[in-house]
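*Asks:* generate coordinates for the sequence data below:
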Amino acid sequence: MIARAYLEPGTESVMADRTFPRYETVVRIEGATPVKVPLKNGVHDLEGMLEAITEKTRVVWICNPNNPTGTIVSGDDLSDFLDRVPEHVLVVIDEAYYEYVTDPSYPDSLSLLDYNPQIVVLRTFSKIYGLAAFRIGYGVGHPDVITELNRVREPFNVSRLAQTAAIAALEDQSFVVYCRNQNRLGLKKITEKLEEWGLGYYPAHGNFLLIDTGFPAGEVFEALLRQGVIVRSGEALDFPRHIRVSIGTQEENERFLHSLAEFLKKKGTIPSNA
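*Replies:* The predicted structure follows:
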């Protein structure tokens, strides 16, 4: 909807080179040109994105936390970036994993709307609320931005059942707190093992980890799949040695660690008794 409202052939849209792939898809659908800026250590290079903005630029995408790396842009860096973005550019801040973040440097993006009318903040009920099948989320922006979006919004694009579920989810914040705490515990357990095994990973602020296994991602994916564990190979994400792993229940996390350990033992990178 954002791409339809703001992009057309001959315009450009700036985004990270390794981020949520749907941004590039919707940009190309509208006939616009995606301009990709390489990540720096898995984090959006805001200075590089500023340099990439031209008179043709209409939309900049910032996924925060970034998918698939799980890294965040700090509040200070984001505020400084927004202060220097030209007024003709809309900045989309995608906060699909917002509720998982516990880092105090993470921005309060909604407060930025007061003096940055050219931003829109996107959030979803598909992640921590567990309502992915309902296909419901929301955006917050300046009235002028919302007016533009409403011009291209399809009627009845959210069902009454989805709206009812979303309202009920918002009223159950104790569930959100519980899920956030369980997620942090799961991250801690898995990252402690990864460090013990000498495996690298990006600092995670969502409900997933991008792990450098040291081996071709497809090979690791297949090995884990044979043990009944499904992860995502990083090959399609331009991370050829990484796997993207969602944090699950305690039992699921333990099963993943056991399966990964079996693979690493066969490769001889960790002791057989690890």
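
*Asks:* C-alpha only now, for contacts and for neighbours.
*Replies:* Noted.

*Asks:* ok, residue 133 touching residue 124?
*Replies:* No: applying Cα atoms under 8 Å as the test, residue 133 and residue 124 come out as separate, 11.7 Å apart.

*Asks:* neighbour count for the two, which is higher?
*Replies:* residue 124 (22 against 9; other Cα atoms under 10 Å).

*Asks:* which pLDDT value goes with the more buried one?
*Replies:* For residue 124, the pLDDT comes out at 98.

*Asks:* ok, now which ones touch it?
*Replies:* Contact partners of residue 124, counting by Cα atoms under 8 Å, 6 or more residues apart in numbering, are 95-96, 136-138.

*Asks:* what are the phi and psi values at it?
*Replies:* Note on residue 124: its backbone torsions stand at phi -140, psi 160 [degrees, to the nearest 10].

*Asks:* highest neighbour count among the contacts of residue 124?
*Replies:* Counting neighbours by other Cα under 10 Å, the top entry in the contacts of residue 124 is residue 96, with 23 neighbours.

*Asks:* so who does that residue touch?
*Replies:* Listed by Cα under 8 Å, 6+ apart, the contact set of residue 96 reads 64-65, 122-124, 126-127.

*Asks:* re the thing from before, I'd like the contacts of residue 124 laid out as JSON lines, including pLDDT.
*Replies:* Shown next, in JSON lines, are those (pLDDT from 0 to 100):
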{"residue": "95", "pLDDT": "98"}
{"residue": "96", "pLDDT": "98"}
{"residue": "136", "pLDDT": "97"}
{"residue": "137", "pLDDT": "97"}
{"residue": "138", "pLDDT": "96"}
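
*Asks:* for the most centrally placed residue in the chain, give me the pLDDT.
*Replies:* Nearest to the mean C-alpha position of the chain, by Cα atoms, centre = their mean, lies residue 67 at 2.9 Å. With respect to pLDDT, residue 67 scores 97.

*Asks:* hang on, it packs against residue 20?
*Replies:* Yes: contact between residue 67 and residue 20 holds when scored by Cα under 8 Å: they sit 5.4 Å apart.

*Asks:* is the closest residue to residue 260 other than its chain neighbours in a helix, a strand, or coil?
*Replies:* In space, and not counting its chain neighbours, residue 260 is closest to residue 224: 6.8 Å by Cα to Cα, 6 or more residues apart in numbering. What DSSP: H, G, I helix; E, B strand; the rest coil gives for residue 224 is helix.

*Asks:* and residue 224, what does it touch?
*Replies:* 230-231, 256, 259-260, 263.

*Asks:* hang on, the earlier thing: list the contacts for the residue nearest to the centre of the chain?
*Replies:* Neighbouring residues of residue 67 by Cα under 8 Å, 6+ apart: 19-20.

*Asks:* gap between it and residue 207?
*Replies:* To residue 207, residue 67 is 10 Å away according to Cα to Cα, to the nearest Å.

*Asks:* follow-up on the earlier one: relative to residue 91, which of the contacts of residue 224 is nearest.
*Replies:* residue 231 (31.2 Å; Cα to Cα).

*Asks:* hmm, that closest one is touching residue 244, no?
*Replies:* Yes: Residue 231 is within contact range of residue 244, at 6.1 Å (criterion: Cα under 8 Å).
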